[in-house]
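S.K.: Take this sequence and fold it.
(chains A and B)
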Amino acid sequence: MQNETNLFKQIEVFKNKLFRYALNMLKNELDAEDVIQELLVRIWQRKEQFDQIENKEAWCMTVTRNLCIDKIRSRKQSSQDVSDYHFIADHGATPDIITEDRENLKIVMDVLNSLPENQKEIIHLRDVEGYTYKEIAELTGLSEDQVKVNLFRARQRLKEKLKNFKY
Amino acid sequence: MDTQYIEILLEKFWNAETTEQEEQHLKIYFQQPNIDPVLAYAKPFFVVMEEDQSCVPDFTESIVSRLVEKYFAAETNLEEEAILKSYFGQENVAPGLQANSAIFRSLNMMGNVAYSKPLKIQKTDSKKVSIIHLNWFKVAAAAVFFGVGGYFVLQQSTQTEMPPIAKARYIEPDNPEEALEYTLKALAMVSRKYKKGEAQLLEGMKTINNAKGAGN
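M.R.: Residues are numbered from 1 along each chain as shown, chains lettered A, B, ... in the order given. Predicted coordinates:
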């Protein structure tokens, strides 16, 4: 039987994707961390089956998505807050993030958060994580055509809303 | 050279995977007049590259501008989207494209968010959770215990709260005459009830017999 470290080493390569996905859905860092913890517990509880899973990233993304949906449902009210966006810049790999970038990030995040949930989710999976239409369709349960339509609408709204901003 | 072949070469070119010979093919293709309209966006890159190497920013702007259009129409593939992110991620963005910079730089920043905690189950948290669960379990068990216990106590208390006649059994009469009077009253009541019951039984029997007779 393998130990915890070896087991979780298998998700090391895509753990950031899982965290970002949870963060995108929950808009709260602590909630996203809770979801990752819950995911680890589930993997540990099913460690024998987990080894047999061929596409572990897809499985983990699906479980993360379901856990996020549960968490959103259990919330009495939305914890979405503009100030929640700031941690994104703080977590950035680029240490010298300039003020302009932070301000622009906040504007873009505000626009993204004003999109319908499915559009916001799809634009994140495509434009932040670089998933194919097929992968997004499998994860969200939509058809590839629906994914494309939603992505088109999301990008059009992004373009429309940001054209009036002065950078 | 057909369009499909050029498309393949272009994809390889964007990924910096083309050989010198393949790049030569691309240049030849874009210098001739019959260019597929779908591929025309890439023409300035190869034609200008041939004529004047110093104009790199201009044709880059043209290509990126075309890719931005394709991006908003959701027609870009993953490689083209990677080119856009890479282009807007650097400092020298053409003035005509600055307006799109915020989107792609923000998407890049969002993609840099990392999960910094170690990948292990937080013992303290899970302990807390288990303690909380245990406490809830205790509270629930106590509630059930007191609920069931309370129910039986209530039942018993309602049983002890008996009607006046039953209570009368426990009244100690003051003298034998009074005791006899109580006894006679009780017997009379029992007798009345018995007679009433007997009359009802006889009445019922008569009805059954009449019904049987009528049936025959």
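
S.K.: By mean pLDDT, point me to the weakest helix or strand of chain A.
M.R.: Every helix and strand in chain A was compared by mean pLDDT, DSSP states H and E; the lowest is helix A:86-91, with a mean of 51.

S.K.: Tell me which helix or strand comes right after that one.
M.R.: helix A:99-114 (DSSP states H and E).

S.K.: Let me see the confidence value for residue A:113.
M.R.: Listed pLDDT for residue A:113 reads 90.

S.K.: these two touch, right, it and residue A:24?
M.R.: No. The pair residue A:113 / residue A:24 is not scored as a contact, 9.4 Å apart, by C-beta atoms under 8 Å. Where C-beta positions appear, they are placed from N, C-alpha and C, glycine not excepted.

S.K.: what residues are shared contacts of these two?
M.R.: residue A:120 (C-beta atoms under 8 Å, 6 or more residues apart in numbering or on different chains).

S.K.: Those two: which has the busier surroundings?
M.R.: residue A:24 (22 against 15; other C-beta atoms under 10 Å in any protein chain shown).

S.K.: And the more buried one, which helix or strand is it part of?
M.R.: Residue A:24 belongs to helix A:15-26 when assigned by DSSP H and E.

S.K.: which parts of the next helix-or-strand element following that helix are buried?
M.R.: Using DSSP H and E, the helix or strand that follows helix A:15-26 in sequence is helix A:29-45. By neighbour count on 16 or more other C-beta atoms under 10 Å in any protein chain shown, the buried set for helix A:29-45 is A:29, A:31-40, A:42-43.

S.K.: which other helices and strands contact helix A:29-45?
M.R.: helix A:4-9, helix A:15-26, helix A:56-74 (3 or more C-beta pairs under 8 Å, 6 or more residues apart in numbering or on different chains; DSSP states H and E).

S.K.: Can you pull out the residues in contact with the first one?
M.R.: Residues lying outside helix A:4-9 but in contact with it, judged by C-beta under 8 Å, 6+ apart, are A:40, A:43-44, A:47, A:50, B:119-121.

S.K.: average pLDDT for the helix or strand that contains residue B:197?
M.R.: Assigned by DSSP H and E, residue B:197 belongs to helix B:176-215. For helix B:176-215, mean pLDDT rounds to 72.

S.K.: Kindly report the same for stretch B:110-117.
M.R.: Stretch B:110-117 shows a mean pLDDT of 90.

S.K.: could the buried residues of helix A:29-45 be laid out in a markdown table, adding pLDDT and distance to residue B:44?
M.R.: Formatted as a markdown table, the buried residues of helix A:29-45 follow (pLDDT from 0 to 100; distance: C-beta to C-beta, whole Å):
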| residue | pLDDT | distance to residue B:44 |
| --- | --- | --- |
| A:29 | 90 | 45 |
| A:31 | 93 | 48 |
| A:32 | 94 | 44 |
| A:33 | 94 | 48 |
| A:34 | 95 | 51 |
| A:35 | 96 | 47 |
| A:36 | 97 | 47 |
| A:37 | 96 | 52 |
| A:38 | 96 | 52 |
| A:39 | 97 | 48 |
| A:40 | 96 | 51 |
| A:42 | 95 | 53 |
| A:43 | 96 | 51 |
